[in-house]
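> Sequence first, predicted coordinates after that:
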Amino acid sequence: MAEVWISLDLMDRRKNARAAGYFTAICAGVVLAVTLSGETGSPWWWALSILCAWIISMVYIINRGYGRALLTPDDIVLFNGFLGKRSIPWGHVTNIEKRHHAARSSSWWDLRLTCASGRSFTVPGAFTSSHHDAKFEAKYVLLCQHWRHSAGR
């Protein structure tokens, strides 16, 4: 099989960027409210804590939006944004599954690879917040086809 990239399209990356913007605005508003509250000494610790949480969250949001995976005949290469890459031979993959996550006000699905060692990895570039997303399903089918073809299943 030929090499194929799995990544978010332009529309999904823009949606991810809007989410990052909303999150940034909320964090900035909370920092502003805390620093203007009038207490001496304590607002700076709150502001620093919120800043740290914002940085960690932004790294996650950016990696989620710009991460991608390269499917080759021999392995899958996971490019996690600017955090690096990992190559996993198809022979080490034991399962591919769609996983559902739920938070307080939202839910989303992503794809996970489980390896023979028991570790699991999220496939970058493959997530959705819609229950029936045709692009997400196509990525899942493509991933399973490459896995089955390489393992001769």
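That came in fine, so what should we check first? A quick note: this is a predicted structure, and the numbers were derived from the prediction, not measured. Numbers count the residues shown, from 1 in each chain.

> can you map out the strands along this protein?
Here the chain has its strands, by DSSP state E, at 4-6, 68-71, 75-79, 85-89, 93-102, 107-115, 120-128.

> could you dump those strands to CSV with mean pLDDT and distance to residue 30?
Where you see a C-beta, it was placed from the backbone N, CA and C, and this is true even at glycine. Listed next are those as CSV, based on pLDDT from 0 to 100; distance: least, C-beta to C-beta, whole Å:
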stretch, mean pLDDT, distance to residue 30
strand 4-6, 94, 35
strand 68-71, 94, 32
strand 75-79, 93, 33
strand 85-89, 92, 35
strand 93-102, 93, 24
strand 107-115, 92, 24
strand 120-128, 90, 26
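
> can I get those in a markdown table with mean neighbour count?
Output for the strands of the chain, formatted as a markdown table (neighbours: other C-beta atoms under 10 Å):
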| stretch | mean neighbour count |
| --- | --- |
| strand 4-6 | 16 |
| strand 68-71 | 21 |
| strand 75-79 | 20 |
| strand 85-89 | 14 |
| strand 93-102 | 13 |
| strand 107-115 | 17 |
| strand 120-128 | 20 |
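
> Of those, which is nearest residue 23?
Closest to residue 23 of the strands of the chain, according to C-beta to C-beta: strand 107-115, at 14.8 Å.

> Mean pLDDT per element in the protein, and the minimum belongs to which helix or strand?
When the helices and strands of the chain are scored by mean pLDDT, DSSP states H and E, helix 42-66 comes last with a mean of 87.

> got the angle for it vs strand 107-115?
70 degrees (axes from the mean of the first three to the mean of the last three C-alpha atoms, to 10 degrees).

> Which strands or helices does helix 42-66 pack on?
When contacts are defined as 3 or more C-beta pairs under 8 Å, 6 or more residues apart in numbering; DSSP states H and E, helix 42-66 sits against helix 10-35, strand 120-128.

> And residue 142, how far from residue 49?
Per C-beta to C-beta, to the nearest Å, residue 142 is found 42 Å from residue 49.
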